[in-house]
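*Asks:* Provided below are the primary sequence and the corresponding predicted coordinates.
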Amino acid sequence: MKKLHFKEKLYKGIFTILAFASLFFLVGIVLVLIKEGLPIFKEVSFLKFIFGRYWYPTYNPAEFGILPLILASVWVTLGAMIICVPLGVGSALYLNELAGPAQKAILKPVIELLASIPSVVFGFFGMVILTPFLQKVFHLPTGLTALNASIILGVMAIPTVCSIAEDALNYVPNAFREASFAVGATRWQTLTRVVIPAAGSGISTAIILGMSRAVGETMTVLMVAGGAAVIPHTFLEPVRPMTAAIAAEMGEAPMGGNHYHALFAIALILFVITFLFNVIAEIISRRFRIKLGLSG
Amino acid sequence: MKKEFSQNIGFFGLFFCMVITLLALGSIIYFIAARGFGVLNWDFLTKVPYSAMTKGGIAPVITGTFYITLGAIIFALPLGLACAIYLCEYSPKSIVVNIIRISINNLAGVPSVVFGLFGLAVFVKFLGFGVSILSGSLTLGILALPIIISSAQEALLAVPHSIREASLSLGATKWGTIKNVVLPSALPGILTGVILSIGRVAGETAPILFTAAAFYTRGYPKSVFSEVMVLPYHIYALMTEGAHPDEQRAIAYGCSLVLLLLVLFISGVAIFLRQRKRGLYG
């Protein structure tokens, strides 16, 4: 009997330790980013790092200002949002409110499947098909631009936004719709004045998670954004978002040097941004469920 | 009349969104399939590359992808499953559990390039594994962890409480119940999560940029400490490195099609299994 008891405790202990290991990895990632990233602030002040206008990490003397990289990320992400928010949310509304059961049974898994296309394939498509096309249409010296990256990232994020927004629409109780029909509203009025407001915070969660994915996406922007680390003025210029800078330069940055630390500091900032996005999304979606009377 | 008109316009708009979405994503698959198909043949899949990557096949690249994915799952599956079992079966409802849950959610949202930096600092440099299959597998394993945990959790929660209680009332211990009753009925759901994470891991590039991938290695990898050629990185390298852009582009089309088919097939299986299961139990 005692032996049995011990065995039970042992298993519980093992599972507890392994469960905490995943916590350990998240903490570990943060610690590594801090340890490897902070030394750069001995060379450059934090404000100068964030707001510095010049990114010349390999020059002598080197300049570590990541404003061009931050702005590139902002531009490309906003551009992607312009594409994926209307298309993703629109598709979700179509799927949830208009598509019949047969259409739904096919379209939902197809959208999920499209979400699994690897980012490097999107990047490759952007390089071989979209780049020459944009170059010709806009008479540019190069087709690798912020516009190119925005389009590819935007299309890539559609399935993510669509799936999460569709889930949110599913949570809206049917009683809401029936009540609206009962007072004589049309389907369109019900959709715009009842369903969308009710699912609003769920839909914003989808948009925030889509943004988080776009900000952190690496391979596509590395391949199609063009890579010029200068402050962008139009969408038709090459840019270098933060993720692309890390991916492109880490291979050449000498271990333990200023450039190496600067790239880890960029990753730290990137981590903080996506962390905030995820926390905000989590808070909104919890409030959304409480509002609709679902358990958190 | 006016109401109906705006409704028609609105509904058409939504339909239009759906069509554009499918067209945009479908055209990507179409272009790659149409241009990659000509490159695919038996030799392409089974021969090693030669003449500076312009001739021969991509067999070592496919093998490398297989090794690194397998390694990631071997690492992530036991850890993820144990974590899910703890959260669903053992954990007292407490702040600690909430912290673990939140950190898993956030782990899922960390940009993949950040995983790559973590792998570089910890596995490649600190633990001294070098740029190798081992470092890459561990890095990708951490990336797969949240996917495995959340789908295993979903599968465990779907097992009805009455079954657990029946087992416990017959005198089975807690671990006995988990091992003989809960896990077998949750197995299909857990497998779905594993397949899903295989699809994700096989297509990831950024985490292995500095931890495992090489543009060219001689033949097949020899041990877990060798650098390795993998499909997603190979596509990127063919497009950005090397001296023969035109020949390399053709091979890149072939690699993209192989990767696309591989990932779509794996994810398709997972989505099909999940769909069927959800259909069965409502």
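*Replies:* Ah, there it is. Numbering: from 1, shown residues only, chains lettered A, B, ... in the order given.

*Asks:* What distance do you get for the residue in the stretch 151-296 of chain A positioned nearest to chain B to B:Gly242?
*Replies:* Using Cβ to the nearest Cβ, the closest approach of the stretch 151-296 of chain A to chain B is made by A:Gly216 at 2.7 Å. To be clear about C-beta, it is placed using only N, CA and C from the backbone, and glycine gets the same treatment. As defined by Cβ to Cβ, to the nearest Å, A:Gly216 lies at a distance of 28 Å from B:Gly242.

*Asks:* hmm, back to that, can you give me the distance of the residue of the stretch 151-296 of chain A closest to chain B to B:Lys174?
*Replies:* A:Gly216 is 40 Å from B:Lys174, by Cβ to Cβ.

*Asks:* circling back: per-residue confidence at the residue of the stretch 151-296 of chain A closest to chain B?
*Replies:* We have a pLDDT of 92 for A:Gly216.

*Asks:* Say whether chain B is contacted by the helix or strand where A:Val137 lies.
*Replies:* Per DSSP states H and E, A:Val137 falls inside helix A:131-138. No: using Cβ under 8 Å from any Cβ of the partner chain, helix A:131-138 stays clear of chain B, coming no nearer than 10.6 Å.

*Asks:* which is the next helix or strand following that helix?
*Replies:* Next along the chain from helix A:131-138, counting by DSSP H and E, comes helix A:146-171.

*Asks:* what ranges of chain A fall below the confidence cut-off?
*Replies:* Low-confidence segments of chain A (pLDDT under 70): A:1-4, A:294-296.

*Asks:* quick one, what contacts the spatially most central residue of it?
*Replies:* To find the centre residue of chain A, average its C-alpha atoms and take the closest one (Cα atoms, centre = their mean): that gives A:Arg213, at 1.3 Å. By Cβ atoms under 8 Å, 6 or more residues apart in numbering or on different chains, A:Arg213 lies in contact with A:Ala157, A:Thr160.

*Asks:* Same question for the one 4 residues further on.
*Replies:* Residues near A:Glu217 by Cβ under 8 Å, 6+ apart: A:Ser119, A:Leu153, A:Met156, A:Thr243, B:Pro111.

*Asks:* Just give the number of residues close to the last one.
*Replies:* Summarising burial for B:Pro111: neighbours were counted as other Cβ atoms under 10 Å in any protein chain shown, giving 24.

*Asks:* Next, the contact list for the closest residue to it other than its chain neighbours, please.
*Replies:* Distance criterion Cβ to Cβ, 6 or more residues apart in numbering or on different chains; nearest residue to B:Pro111, sequence neighbours excluded, is A:Gly216 at 2.7 Å. Residues near A:Gly216 by Cβ under 8 Å, 6+ apart: A:Thr243, A:Leu270, A:Thr274, B:Gly109, B:Val110, B:Pro111, B:Ser112, B:Val113, B:Val114.

*Asks:* Could you report the separation of A:Gly216 from A:Val128?
*Replies:* For A:Gly216, the distance to A:Val128 (Cβ to Cβ) stands at 24 Å.

*Asks:* got it, and A:Phe275?
*Replies:* A:Phe275 sits at a distance of 35 Å from A:Val128 (criterion: Cβ to Cβ).

*Asks:* which parts of the helix or strand harbouring A:Ala102 are buried?
*Replies:* When secondary structure is defined by DSSP H and E, A:Ala102 falls within helix A:101-114. For helix A:101-114, the neighbour count (16 or more other Cβ atoms under 10 Å in any protein chain shown) marks A:Leu107, A:Lys108, A:Pro109, A:Val110, A:Ile111, A:Glu112, A:Leu113, A:Leu114 as buried.

*Asks:* Filtering the residues you listed by proximity to chain B, which remain?
*Replies:* Restricting those to contacts with chain B (Cβ under 8 Å from any Cβ) yields A:Leu107, A:Pro109, A:Val110, A:Ile111, A:Glu112, A:Leu113, A:Leu114.

*Asks:* Setting aside sequence neighbours, what's the nearest residue to the fourth one?
*Replies:* Once its chain neighbours are removed from consideration, A:Ile111 has its nearest residue in A:Pro159; the separation is 5.0 Å (Cβ to Cβ, 6+ apart).

*Asks:* For A:Pro57, which non-adjacent residue is spatially closest?
*Replies:* Nearest non-adjacent residue to A:Pro57, counting by Cβ to Cβ, 6+ apart: A:His259, 4.4 Å away.

*Asks:* Just to check, the one you found is in contact with A:Ala253?
*Replies:* Yes: between A:His259 and A:Ala253 there is a contact under Cβ atoms under 8 Å: 4.1 Å.

*Asks:* Give me the common contacts of those two.
*Replies:* Common contacts of A:His259 and A:Ala253, defined by Cβ under 8 Å, 6+ apart, comprise A:Pro57.

*Asks:* And the residue nearest to B:Pro111, how far from B:Gly171?
*Replies:* A:Gly216 sits 50 Å away from B:Gly171, going by Cβ to Cβ.

*Asks:* Do a quick rundown of the helices in chain A.
*Replies:* A:2-37, A:40-43, A:46-51, A:67-93, A:101-114, A:119-125, A:131-138, A:146-171, A:174-182, A:187-190, A:196-216, A:219-224, A:242-249, A:258-291 (DSSP state H).

*Asks:* next one: the stretch 101-250 of chain B
*Replies:* For the stretch 101-250 of chain B, helices defined by DSSP state H, counting those that start in this stretch occupy the ranges B:112-119, B:133-158, B:161-169, B:174-177, B:183-203, B:231-240, B:245-280.

*Asks:* Highest mean neighbour count out of those helices?
*Replies:* Highest mean neighbour count of the helices of the stretch 101-250 of chain B: helix B:112-119, a mean of 28 (counted as mean count of other Cβ atoms under 10 Å in any protein chain shown).

*Asks:* Name the surrounding residues that touch it.
*Replies:* A:28-29, A:32-33, A:36, A:216, A:218, A:243, A:246-247, A:250, A:263-264, A:267, A:270-271, B:135-136, B:138-140, B:142-143, B:204-211.

*Asks:* Just the buried residues of those.
*Replies:* For the contacts of helix B:112-119, buried by 16+ other Cβ under 10 Å: A:29, A:32-33, A:36, A:216, A:218, A:243, A:246-247, A:250, A:263-264, A:267, A:270-271, B:135-136, B:138-140, B:142-143, B:204-211.

*Asks:* can you list the domains in chain A?
*Replies:* A:2-37, A:43-291 (automatic domain parsing).

*Asks:* Off-centre distance for the last one?
*Replies:* By that I understand domain A:43-291. In terms of Cα atoms, centre = their mean, to the nearest Å, the centre of domain A:43-291 is set 5 Å apart from its chain centre.

*Asks:* ends of that domain, how far apart?
*Replies:* Using Cα to Cα, to the nearest Å, one end of domain A:43-291 lies 49 Å from the other.
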